[in-house]
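Asker: Just to be clear, the model below is a prediction. Sequence and coordinates:
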4 protein chains.
Amino acid sequence: MKAVVFDGAGSVRVTDVPKPTILDSKDALVRITHSSICGSDLNILRGKIVLEENAVMGHEGVGIVEEVGPAVTRTRVGDKVVIPYSIQCGECENCRKGLVVFCENGGMLGHGKQWGDFGGTQAEYLRIPFADANLHQVPESATEEQVLFVSDILCTGYQACEYGGIEPGDFVTVFGAGPVGLCAVATAKLFGPRRIVSVDLADYRLVTAERLGADRVLNPERLNVVEEIKKLTNGKGTDVAIEAVGSVETFNWSFESVRSGGRISIVGVFPFEKVGISLRDMLRRNLQMRAGRANLIHMERIISLIEGGKLDLTPLITHRMSLSDAAKAYEIFAGRSENVLKIILAP
Amino acid sequence: MKAVVFDGAGSVRVTDVPKPTILDSKDALVRITHSSICGSDLNILRGKIVLEENAVMGHEGVGIVEEVGPAVTRTRVGDKVVIPYSIQCGECENCRKGLVVFCENGGMLGHGKQWGDFGGTQAEYLRIPFADANLHQVPESATEEQVLFVSDILCTGYQACEYGGIEPGDFVTVFGAGPVGLCAVATAKLFGPRRIVSVDLADYRLVTAERLGADRVLNPERLNVVEEIKKLTNGKGTDVAIEAVGSVETFNWSFESVRSGGRISIVGVFPFEKVGISLRDMLRRNLQMRAGRANLIHMERIISLIEGGKLDLTPLITHRMSLSDAAKAYEIFAGRSENVLKIILAP
Amino acid sequence: MKAVVFDGAGSVRVTDVPKPTILDSKDALVRITHSSICGSDLNILRGKIVLEENAVMGHEGVGIVEEVGPAVTRTRVGDKVVIPYSIQCGECENCRKGLVVFCENGGMLGHGKQWGDFGGTQAEYLRIPFADANLHQVPESATEEQVLFVSDILCTGYQACEYGGIEPGDFVTVFGAGPVGLCAVATAKLFGPRRIVSVDLADYRLVTAERLGADRVLNPERLNVVEEIKKLTNGKGTDVAIEAVGSVETFNWSFESVRSGGRISIVGVFPFEKVGISLRDMLRRNLQMRAGRANLIHMERIISLIEGGKLDLTPLITHRMSLSDAAKAYEIFAGRSENVLKIILAP
Amino acid sequence: MKAVVFDGAGSVRVTDVPKPTILDSKDALVRITHSSICGSDLNILRGKIVLEENAVMGHEGVGIVEEVGPAVTRTRVGDKVVIPYSIQCGECENCRKGLVVFCENGGMLGHGKQWGDFGGTQAEYLRIPFADANLHQVPESATEEQVLFVSDILCTGYQACEYGGIEPGDFVTVFGAGPVGLCAVATAKLFGPRRIVSVDLADYRLVTAERLGADRVLNPERLNVVEEIKKLTNGKGTDVAIEAVGSVETFNWSFESVRSGGRISIVGVFPFEKVGISLRDMLRRNLQMRAGRANLIHMERIISLIEGGKLDLTPLITHRMSLSDAAKAYEIFAGRSENVLKIILAP
């Protein structure tokens, strides 16, 4: 079958790899119909995540179940399904505690032998272990494009809001209007804030932020973000700051703009370097910081909100391309050219 | 001054009563600019609440501070303020626990000597004890009509949602589309449900429910409500049922339509008779029931949401009348004529 | 194999039944070493739960895994395990929501065809479907008798406390000092109450309540319970009332003795008749009521507390008998003779 | 009157200062019977907190109300009261939100003009503004020494546990067994952990930790703390780490020893320097960090637990001295000599 693989240097190529098969009684084989490229795919290309040559890329995907092992009961052949970015067994101690991204038998898709060697979604087929614990049916009334981002960034955005502990009436600031930040903006509305502010350097992204629900957008190139947030909150600061970039600068803005007793939620992926934080100040201001990869336990809830017409992230889709054109797609995505947000790849 | 008083029989009249004055160092004197008539005012007329003759009516109101006692620091003369339906001292054990409607030194406005004898809002002036603990400033960008319902029904509707524990993705059913039920519909949106269903016998109320955010309206005259809710939820039932009527029938619908593990929130005022409830069934289905009068601790939060443009209950205002026409206003309100929802009275 | 079966009339007998075998790839076969008799077993004998003749009884048990199906990975032959009273598949929508006692593919042990026909624990062997989702390993440092009650009543008692929302400093009253009520007393300590009061008519049970952590015991034969609780709380009432009996009288005491803004937790099994409750009063006093069968998601947490020496319910064990003497054991248990609390049956 | 004042250099002296008087209608004048020396008093001596010469020291205290202003209603002359370390008005926006240590009209006792200039408790008398919002009655059945630490360190320890989100069954590690760390150990028991581990370099402090409830004590001089915690938790790490020291080393131990998905609670006061933290690792491990000064809203709850016999911190009292001997007392406390934990000063 065709698949997008890492070339070992700094880019990807489309090549033929063996089609996966059912190996375990709990496996399902899924024919991928839609996948997309994620910011963390770029981290692989840039060497921030070390991947072996020829590993299949991709951890976001939707497809159709083609075959299931004998112990699979909940998932049926022909089901249209969303695939989570991280595989869980559903049975180990961490899974039972709800810490499913720390599954002792699972790991991340599209990360080669780094995290379990489970294959990737940027391919024609994918074997999904523990199928019943991982695959979620796409509701009849929803399209593949509507649910595709549930694989990862929509769960991440939702979790950013949950980790921020947003309560009705809160003032919420989301730093970064890339795909994850935009998902945070869109899901923040589910928690009843009085105002959502989106911060980014790229104006085309801020336009989408407004379309997805931001009440106000700020471009740090044109004003002092921290001062502006203080001004908008009578000098108090934002109740919740969501860091969706992963840079020292945006973290510092989060830290400085949050009010006493406020909460910082971190979903941006930071480089290896430590960040200097004043714990003295954190104590004096009674701050809370919570960070994490999307834990996936809210997939069903989020799908039901899409089905109910309460969440629509299709405005993120700026490009639809063929899997064969993956190299070109990666180039656009990495270069942030053509006002790109998310690129859908279809075999 | 002019005031609406209970005539001791079954109606009200407008008469002259002594203008209140500052009695305690923590008092404020408020000149009322807007008040309204509430469903519980009708309970007084109908004898469900026993009130002495000539007691001033009304517990919803907005006004301007005209005078303050020497120990009042937070409230200033000239402030435009919302008045809570129930007075709190802010200092007793219950107040400190957040149970402010159980204040040991407070009580309800407009209920004569029943609950503290604090006067009522359907008058030209009102003395507010413990002014700093009770009065909330109206933000500059909001009108009196926008914040008036914060006095009572908007806090009640918000609490109905809170007591229902609505989480993002929940299916929510509100029984009753009177003013309180409609406030519950409008505030339910703040909690991210996948669907809000409003149930009432009066179609004109259901029209307002849709305008305020109901995704679906059901009139029990035309269909079996419990069956319809089951159908809309694949047989599972509603996650949250809000009872905003106070009748055995609507309670039973709430109980029957809620899913296993679901929550029933009760803000409807029931008659004195006990209601037969199967505790066996409640156990078997892991249900939760929570009831209560609005506890008022969320007033500031709700005002900030109105200021932020996220809540607008002015569609409830169907009539604006003079305080002098209160008798006529009560007649319309009690008769549910003229498609009435809420009547604003202005001196 | 030997098993305790329902005789179709009002008692049990020990007889030979076919030994169960692995039927599904996710099954495990457990050799039962310890089981016990529960209050709900008596409901079967008394006809409150309709069971077919010759159904195997029992839903509390500990044993050793003798065989596993090919899809079982977490559970191993030779494991010493606790068996939950209710079987879950771990994969259906309810299981994934944590509502595991509403599993669409599961049901209660020891209840014949009423709830899934899964066999019972009062036997030499038991087949456990979805073994990995149901069986919990007994830690090395704990005995079978220490963990046996995790099957049901210890989870029920824990849930009673959780549903009561006990917070540090709360005054907690547990109505009923039968096995479930005593488990509630013992687990209430985990939530930091300032006082635990246990109420029962049988003094020998109150003695055990004190041993397990009750600060005060009340026998309604000797005083007015509601008045006493009011006196102990300066007239305010108990913060949390746990109903662990299932009678109208104890429910009414719970309702009357709870403070304004308080919480009633119901784990007692009530008869079919409805109970008259004043919803008017419930609203006026801002009460919360929550009922439910133990939901089992806390089994691991409770086992870890036993292992850590923080919970010890072995004082409940008043009798240790042979499975062959089950008829006699049921007689003692039903008659509440010999100061019985729990009877352990061993093959 | 006599008072302990800062000498402007690095120590204190006892001198005569004017006796405070009622200045505002909401004031109370308290005759101090017991005060104590806190770790943050040493920060003043060491110049970490800049205080003007002759400022009265002390923010922990118990006393008797001698006089009240005309607007004080809840507090009565003759009341035996606990004084909070930080004054709140009870009426500003922060107070109403429960963020009472951020009171816009309040500030810390014993910190001169740094935070409000309210005087200190290490004196014969103290004026307490907003008396009704600040003073808490000592229950008849409790002694002054039992409630004294509610002023500050007991609230801080309780909050450390609350910020750590301890749930029944959790493994809890408290870094630091000074007075605050020991209060965290004692209050952790209220949350039902399966194990409490106390870490400190001073063995005499670890002895008290065991007496107050630690299941295990670790001295980093004798073993690798992080490795030991991993070993005690099967390699997983502690569920909750409480940092009660304020040093980079103990913070790093907290960070390294906490499990994936775990929580770090910070109540130690750090120096001005920033601490390097890997936000990348924090994200990868889904960690939560929460820091803060004790927010005082739990004072009544904690007093009720002391009254109920569930909390007893008098083992912290190692010295009882006269206010006149304050200089000597500070010397002992600063030098950690004589196995000191807390020193009570009485006029």
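Answerer: It's in. Keep in mind the model is a prediction, meaning the values are calculated, not measured.
Asker: List phi and psi for A:Pro139.
Answerer: phi -60, psi 150 (degrees, to the nearest 10).
Asker: And for it, nearest residue in space, chain neighbours not counted?
Answerer: A:Glu307 (4.2 Å; C-beta to C-beta, 6 or more residues apart in numbering or on different chains). All C-beta spots, glycine's among them, are computed from the backbone N, C-alpha and C.
Asker: you'd agree that neighbour is up against B:Phe171?
Answerer: No - using C-beta atoms under 8 Å, A:Glu307 makes no contact with B:Phe171, being 11.3 Å away.
Asker: Give me the more crowded residue out of these two.
Answerer: Higher neighbour count among A:Glu307 and B:Phe171: B:Phe171, with 26 against 19, using other C-beta atoms under 10 Å in any protein chain shown.
Asker: quick one: contacts for the more buried one?
Answerer: B:Phe171 makes contact with B:Pro193, B:Arg194, B:Arg195, B:Val197, B:Leu232, B:Thr233, B:Thr238, B:Asp239, B:Val240 under the criterion C-beta atoms under 8 Å, 6 or more residues apart in numbering or on different chains.
Asker: same thing but 7 Å
Answerer: By C-beta atoms under 7 Å, 6 or more residues apart in numbering or on different chains, the contact set of B:Phe171 is B:Pro193, B:Arg194, B:Arg195, B:Thr233, B:Thr238, B:Asp239.
Asker: How about the secondary structure of the last one?
Answerer: Three-state assignment for B:Asp239 (DSSP: H, G, I helix; E, B strand; the rest coil): strand.
Asker: Is it in contact with B:Asp170, as I believe?
Answerer: Yes - between B:Asp239 and B:Asp170 a contact is recorded at 4.0 Å, counting by C-beta atoms under 7 Å.
Asker: how many other residues sit next to A:Ala202?
Answerer: Around A:Ala202 there are 15 residues (other C-beta under 10 Å).
Asker: right, I mislabeled it, should have said A:Val225
Answerer: A:Val225: 21 neighbours (other C-beta under 10 Å).
Asker: what sits against A:Lys26?
Answerer: A:Gly69, A:Ala71, A:Val72, A:Pro129, A:Phe130, A:Ala131, C:Ala71.
Asker: same question, A:Glu167
Answerer: A:Phe191.
Asker: repeat for A:Glu228
Answerer: A:Leu218 are the contacts of A:Glu228 under C-beta under 7 Å, 6+ apart.
Asker: That one: what secondary structure?
Answerer: Once three-state DSSP is applied, A:Glu228 turns out helix.
Asker: residues of the helix or strand of chain A with the lowest mean pLDDT that come out buried?
Answerer: Sorted by mean pLDDT, DSSP states H and E, the helices and strands of chain A end with helix A:93-96, the least confident at a mean of 87. By neighbour count on 16 or more other C-beta atoms under 10 Å in any protein chain shown, the buried set for helix A:93-96 is A:Asn94, A:Cys95, A:Arg96.
Asker: And for that helix, what's in contact with it?
Answerer: A:Gln88, A:Cys89, A:Phe102, A:Cys103, A:Glu104, C:Glu300.
Asker: Beyond it, next helix or strand please.
Answerer: Sequence order places strand A:107-108 as the next helix or strand after helix A:93-96, per DSSP states H and E.
Asker: Which residues does that next one contact?
Answerer: A:His59, A:Tyr85, A:Ser86, A:Ile87, A:Trp115, A:Gly116, A:Phe118.
Asker: Going through those residues, which ones are buried?
Answerer: Looks like these have A:His59, A:Tyr85, A:Ser86, A:Ile87, A:Trp115, A:Gly116, A:Phe118 buried, using 16+ other C-beta under 10 Å.
Asker: In strands only, show me those residues.
Answerer: A:Ser86, A:Ile87 (DSSP state E).
Asker: Sketch out the low-pLDDT regions of the stretch 51-200 of chain A for me.
Answerer: For the stretch 51-200 of chain A, the stretches with pLDDT under 70 are A:115.
Asker: name the element A:Leu126 belongs to?
Answerer: strand A:125-128.
Asker: In PDB, could you pull the C-alpha coordinates for stretch A:330-340?
Answerer: Output of stretch A:330-340 as PDB, limited to C-alpha atoms (Å, rounded to 0.1, in the frame of the first residue of the first chain):
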ATOM      1  CA  TYR A 330       4.400  19.100   4.200                       C
ATOM      2  CA  GLU A 331       6.200  21.800   2.400                       C
ATOM      3  CA  ILE A 332       3.200  24.100   2.500                       C
ATOM      4  CA  PHE A 333       2.500  23.200   6.100                       C
ATOM      5  CA  ALA A 334       6.000  23.700   7.300                       C
ATOM      6  CA  GLY A 335       6.300  27.000   5.400                       C
ATOM      7  CA  ARG A 336       3.000  28.300   6.700                       C
ATOM      8  CA  SER A 337       2.500  29.500   3.200                       C
ATOM      9  CA  GLU A 338      -0.900  29.900   1.400                       C
ATOM     10  CA  ASN A 339      -2.500  30.900   4.700                       C
ATOM     11  CA  VAL A 340      -2.400  27.200   5.600                       C
END
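Asker: give the contact list for A:Glu66.
Answerer: With C-beta under 7 Å, 6+ apart, A:Glu66 has these contacts: A:Leu29, A:Val30, A:Arg31, A:Val77.
Asker: what kind of secondary structure is the nearest residue to the first one once chain neighbours are set aside in?
Answerer: So that's A:Leu29. Leaving aside its sequence neighbours, A:Leu29 sits nearest to A:Glu67 (C-beta to C-beta, 6+ apart; 4.3 Å). Secondary structure state of A:Glu67, per three-state DSSP, is strand.
Asker: Near A:Glu67, how many residues? Count them for me, please.
Answerer: 16.
Asker: likewise A:Ala326?
Answerer: 26.
Asker: Not counting the helix or strand hosting it itself, show me its contacts.
Answerer: For A:Ala326, the host element (DSSP H and E) is helix A:326-335. Contact partners of helix A:326-335, identified using C-beta under 7 Å, 6+ apart, comprise A:4, A:11-14, A:37, A:42, A:45, A:122, A:319, A:321, A:338, A:340, A:343, A:345.
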